[in-house]
Every structure is written in structure tokens, then in C-alpha cells.
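Undergrad: Just need the structure, nothing else, for what follows:
(one chain, ligands or ions: 1)
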Amino acid sequence: MSEDRPELNAQKTSSGATKKTGAGKDTFENVLPLVDPYGRKVTGLRVSITERCNLTCMYCHHEGAEGCTRGSSEKEMPPELICSIVHTAAKFGVRKVKFSGGEPLLRKDFEEILACLPSLKEVSATTNGILLAKRAKTLKAAGLDRVNVSLDSLVPERYEAITGAPPGTLEKVLQGIDRAVEAGLTPVKLNMVLLRGVNDDEIDSMMDFIRPYGGQVILQLIELMDIDPELAPYMIDSESLKKTLAKRAKEVRVRHLHHRKKYMIDGVEVEFVQPMDNSEFCANCSRLRVTADGKLKPCLLVNDNLVDAMGAGDQEEIEELLRLAVNRRKPYYRKEISVD
Ligand code: SAM
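TA: Coordinates of the predicted model:
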């Protein structure tokens, strides 16, 4: 960690701005929010809590984990560290936390992690939904507000081909979605990664599937990130899709995060996430990532600038590490400025 410290000069820590009250509690006045050198404020954390997974999706980016082991729980952050990171980040303006993986529901202590978090605007998780039916209620009770469920196809054979799941798995995922809605983990967002020639003809059937849930389930279409050249043939034409969605929409809204577009079509909400070659996506990125083995990760697509927080002793140290990681944030895609 020490070799990382000099960079901290670029952004002062806020330690001087905290003051002790008589009760020995810290109050935070005039604290510096987490703002990167490009003026982007960090208001969200995306925390991977395990690299282990019970699926082998053909396109998986493993949340940017390098040398992903998929099998071991030995190097995973303990609940105490996860909670310290979130508590510290919350003091400096982080309001939303999303848990991911691997498959986060493989962590038996997920409820324990949720229960020790500070009060936030939103705590969510992205899951493949296989283990959701059994745990939806306990997760909600422990503090989870909502879930994203990955669902690339409603056709069992296709679902199995994309995810490597055994027969019968899709049924479990659909039950998981029902139980999540019943438990109030809403809105449930269905994450559908669009794969040309594989599932891109299922957008309408997905919309038909979510309509009966009356707004409690949202469809989130995700542009494939072709991190591997073998995935290139599966890329869809995003521009043409956006035009079609806009033509069909009664209303189009723009979210602050990544400037994602939301289309209101035939009584359902469809969001489109377009991360590739998208400078607007990066310019409006307000997230810092945390890897399952406790590294603060400034960008999904960059692996040589991680900040190790695994051994961090206290909140002051975590604050320094957070500022260091935020200071290393750089938009991956930036607008080319042409000089004629
Ligand atoms: N196991 C959980 C799940 O299935 O949601 C969480 C981990 S998964 C890596 C998180 C999200 O990333 C999923 O919705 C998945 O579809 C998306 N994802 C993974 N690889 C991707 C890629 N190459 N392009 C776009 N999205 C991807």
C-alpha cells in the first residue's frame, strides 16, 4: 500500500474536516465528496462478493476480474471489511450499492453483509436467480431493496446453451423472479444481454413476459461487451435497436447513471445499457468497483490500476484508499477532439 500513497497528494483527505462530539462520535462537516480528476462524483459502489458461480455464461466478463478463479472462497472479503468500505464510502456521498459476483447468492453470509450496512438510498444485487426463490424474503428482511435477475432467454434450450445450466434451471429462475416480486425486491430488473442470432428475436416475448407484473418488473437490455474477439459475431446493431425502441416508445427518459435511456413501450419499461465505445456512458459513470478479493477497481475494463484494501485496518485507511482509487478513475472511452 505504501507505494500508492504519494498519489494521494492530488486529492486531499478529509480527515481535517471531521470533528469529534462529546459522545466520541464523528460528525462530518464540509467533508470532501469522492470526485475524480475528470469531475465525476462517485455516488455508487459495485461490490463483487465472490468469484464463484454456478453458471458458465458464454460471454461473461467476470466483472473485470483478472485470472478469475471461479472456485475459491479463501480470498473473499469478510463481511466486516465489506461493511467498513461501504460505511466509509457512505460518509463521502456514496448512496447506492450494488452487489455482484460471481453469483452473490453463493455467499451464505450475504444476509449478514446486508444487515451491517449503513442507511443508503438503494441496496441492490445482480443475480442469476437460481437460488433466489428460497432467499428472497430473508434478503429483503436483511436490507436488500431490489434485484436484477439475469435472464437472456425464455426458451429453455437457448437459456441452457447460453449459460451452461442443466435442464430445469430456467424454471427455478422464473420462480425466483416471482418470489422476489412477492418479497418486494422491486422493481426487479431483468438483465438480458443481446446476442445476435441467439436471442435478439426475443425482445418482444420478454416484454410480453413482464407486462403482467404491472411495472414491478423492468426489462434491461444490455449491449454485449465483446471483451473476447470470439464474441464479435454476436454483437447486435445498437444504433438500429435504439431507433426501433424510440419509434415504438410513448416516452423516452434518460437516467443520470451512464445516461442510460429508458423507453416506455406498450405498458412496459425497457432500459438499454450501451457500454461499448460510448463516451457518454463513461462521462456519466458514477461508480467505483470493489473486487471479491478486496481491491478497489476504478474501471471494469482496466486492470493495472487497482488499489488493494484487503488488509485495511480502519476507516481512516479505507478513506485514503478510496480517494486513491477515485483519483485513478479515467473515462475509458472519451470523445476524440479533432484538431484541424
Ligand atoms: N451472477 C450474477 C448474474 O448473473 O447477474 C452477477 C454477475 S454477472 C457478471 C453481472 C451482469 O453482467 C449480468 O447481468 C451479466 O449478464 C452481465 N454481463 C456479463 N458479461 C457481460 C458481457 N460480456 N457483456 C455485457 N454484459 C455482461
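
Undergrad: and residue 149, helix, strand or coil?
TA: The local conformation at residue 149, judged by DSSP: H, G, I helix; E, B strand; the rest coil, is strand.

Undergrad: Setting aside sequence neighbours, what's the nearest residue to it?
TA: Distances taken as C-beta to C-beta, 6 or more residues apart in numbering put residue 129 closest to residue 149, at 4.1 Å, once the chain neighbours are dropped. Where C-beta positions appear, they are placed from N, C-alpha and C, glycine not excepted.

Undergrad: Distance check, the one you found against the ligand.
TA: 8 Å (C-beta to the nearest ligand atom, to the nearest Å).

Undergrad: doesn't residue 172 make contact with that residue?
TA: Yes. Shown here, residue 129 and residue 172 form a contact pair, counting by C-beta atoms under 8 Å, at 7.4 Å.

Undergrad: who's more crowded, these two?
TA: The neighbour comparison of residue 129 against residue 172 (other C-beta atoms under 10 Å) goes to residue 129, with 28 against 16.

Undergrad: mind checking the SS state of that one?
TA: Per three-state DSSP, residue 129 ends up coil.

Undergrad: so what's residue 192 up against?
TA: 150, 151, 152, 199, 202, 203, 206, 219, 220, 221, 222 (C-beta atoms under 8 Å, 6 or more residues apart in numbering).

Undergrad: list the buried ones in the strand or helix carrying residue 210?
TA: Assessed by DSSP states H and E, residue 210 sits inside helix 203-210. Buried residues in helix 203-210, defined by neighbour count with 16 or more other C-beta atoms under 10 Å: 203, 206, 207, 209, 210.

Undergrad: Now do the same contact list for the fourth one.
TA: The neighbourhood of residue 209, defined by C-beta under 8 Å, 6+ apart, consists of residue 154.

Undergrad: Against residue 134, how distant is it?
TA: 22 Å (C-beta to C-beta, to the nearest Å).

Undergrad: cool, and residue 77?
TA: Taken as C-beta to C-beta, the span from residue 77 to residue 134 is 24 Å.

Undergrad: Any residues of the protein in contact with the ligand? List them.
TA: 53, 59-61, 63, 100-101, 103, 126-128, 150, 191, 193, 222, 224-225, 227 (C-beta under 6 Å from any ligand atom).

Undergrad: which of these count as buried?
TA: Counted by 16+ other C-beta under 10 Å, these give 53, 59-61, 63, 100-101, 103, 126-128, 150, 191, 193, 222, 224-225 as buried.

Undergrad: Where strands are concerned, which of the residues you listed count?
TA: With DSSP state E as the criterion, strands contain 100, 126, 127, 150, 191, 193, 222 from among those.

Undergrad: for those, which one is nearest residue 215?
TA: residue 191 (17.6 Å; C-beta to C-beta).
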